[in-house]
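Participant: Dropping the sequence and predicted coords here.
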Amino acid sequence: MTNLRAFPLEIFAVTKCASTESLYSAESLNEILAEAYAAPLDDQGDRQFLAFQRKALQSSFAGLRFDFMATSITKLNRAMEPVDIKTTLLDLPDAITKNYETVGAHDIVAPLVYANPGKVVRHDDVMPLGQWLDHAFYRLHCRLFGIDRAMMISFPCPGHYTKLVTFEYLASRENMTWSSFDAAKLEFGSFPFVLAWLYRKDLIDDVKLERNFYALADLNAANLTQLRKFVNDPYRAPKHHASDIGMKPRSYTNSLYGLRNGLSERFDWGADVDGERQSLRMLDHDYSFLQILGDPSAPLVGGNA
């Protein structure tokens, strides 16, 4: 297993108590790698890894608690309707899967999740709370299992349009830790784990997983947002990227070149010569795997907002 050393680059100087930065530290990514490899590749091992995922996320996002969790490999048909779902549950009974098979037609949240890969979707993105509590899917499914709050996110499997990894972060009515939580933080929070699940489900190999973690190690939230925007919006000029993520064009461009230079030793890209800036194409090449996160500023498709 590759050991992700800490990179002594000033551009990555961060406060390690910050949520995203602590999760993306080389030490943290090493722990995720070790657990992804150590947990047996069977149902029990999947539950073990899901429990580790919950613990790691709760440690990173202080004050946030997940009462239940689930992860699924979902196969959709061309109409984007699920035709096969393989689910790992944490602190939920197996009966929830059987019940879903009978009431899944009422599920109005999952289609929004499938239509917006890389984005966290909450039940209140679909409809106001009062309507949700009276909706058939809540009454026939969620309420039966004590689920009152849900945050879900899906990621496309590499090489697939209709196969997704989906995470469900779930809470009971008594759990008030979500009231002020910025759900978008879970987009970056979920990303190292979806890479690990892709490995565990034999959808990427260990070399790919380790290279992706090597690329992510010790980046901060601003670095990740800029890279995510850059690789997911290739047909628009950087000045538009900057506007979309709330930066001035020159600051955004300088940040990208700063990232390229800061990462050049890591990837052996070569530094600027005689003050002439080298191409940013290296960022596209070595961070193309961020495409499964999608454009961070794209609007939610199909929500009630």
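Facilitator: The structure has been received and is ready for your questions. Numbering: from 1, shown residues only.

Participant: residue boundaries of the helices in the chain?
Facilitator: 19-23, 26-38, 43-60, 95-103, 110-115, 129-133, 136-137, 185-200, 206-216, 221-232, 238-244, 249-267, 281-286 (DSSP state H).

Participant: among the ones you listed, which is nearest Thr87?
Facilitator: helix 95-103 (5.9 Å; CB to CB). For the C-beta atoms, the positions are set from N, CA and C on the backbone; glycine is no exception.

Participant: hmm, who's touching that closest one?
Facilitator: 85, 87, 89, 107, 136-137, 140-141, 144-145 (CB atoms under 8 Å, 6 or more residues apart in numbering).

Participant: Turn the helices of the chain into TSV, including distance to Met152.
Facilitator: Output for the helices of the chain, formatted as TSV (distance: least, CB to CB, whole Å):
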stretch	distance to Met152
helix 19-23	19
helix 26-38	21
helix 43-60	14
helix 95-103	13
helix 110-115	5
helix 129-133	14
helix 136-137	13
helix 185-200	10
helix 206-216	23
helix 221-232	19
helix 238-244	24
helix 249-267	30
helix 281-286	29
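
Participant: of all these, which lies closest to Pro296?
Facilitator: helix 221-232 (5.2 Å).

Participant: Can you name every helix or strand that the closest one contacts?
Facilitator: Secondary-structure packing of helix 221-232 (3 or more CB pairs under 8 Å, 6 or more residues apart in numbering; DSSP states H and E): helix 19-23, helix 238-244, helix 249-267, helix 281-286.

Participant: Name the residues of that helix that are buried.
Facilitator: 222-232 (16 or more other CB atoms under 10 Å).

Participant: Distance from it to the middle of the chain?
Facilitator: In this view, helix 221-232 has its centroid 13 Å away from the chain centroid, taken as CA atoms, centre = their mean, to the nearest Å.

Participant: hmm, back to that, tell me which of the helices and strands packed on helix 221-232 sits nearest to Thr166.
Facilitator: The nearest among these, by CB to CB, is helix 19-23 at 19.8 Å.

Participant: Distance from the chain centre to the closest one, please.
Facilitator: That offset, for helix 19-23, works out to 13 Å (CA atoms, centre = their mean).

Participant: Ok, stretch 28-48 next?
Facilitator: 17 Å.

Participant: what does it contact?
Facilitator: 1-4, 22, 49, 52, 56, 60, 71, 88-90, 192-193, 196, 199-200, 206, 209-210, 213, 216-217.

Participant: Return the set of buried residues in that stretch.
Facilitator: Buried residues in stretch 28-48, defined by neighbour count with 16+ other CB under 10 Å: 28-30, 32-33, 35-36, 39, 45-48.

Participant: just stretch 46-66 next, same as before
Facilitator: For stretch 46-66, by 16+ other CB under 10 Å, it's 46-50, 52-54, 56-57, 60-61, 64, 66.

Participant: before we move on, the earlier item: could the buried residues of helix 221-232 go into a markdown table alongside distance to Trp132 and pLDDT?
Facilitator: Conversion of those to a markdown table gives the following (distance: CB to CB, whole Å; pLDDT from 0 to 100):
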| residue | distance to Trp132 | pLDDT |
| --- | --- | --- |
| Ala222 | 34 | 93 |
| Asn223 | 36 | 95 |
| Leu224 | 31 | 95 |
| Thr225 | 30 | 95 |
| Gln226 | 35 | 95 |
| Leu227 | 35 | 96 |
| Arg228 | 30 | 96 |
| Lys229 | 32 | 96 |
| Phe230 | 36 | 95 |
| Val231 | 35 | 95 |
| Asn232 | 30 | 94 |
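
Participant: Among these, which one sits closest to Leu293?
Facilitator: Nearest member of these to Leu293, counting by CB to CB, is Arg228, at 5.3 Å.

Participant: Quick check: the closest one vs Glu276, distance?
Facilitator: 27 Å (CB to CB, to the nearest Å).
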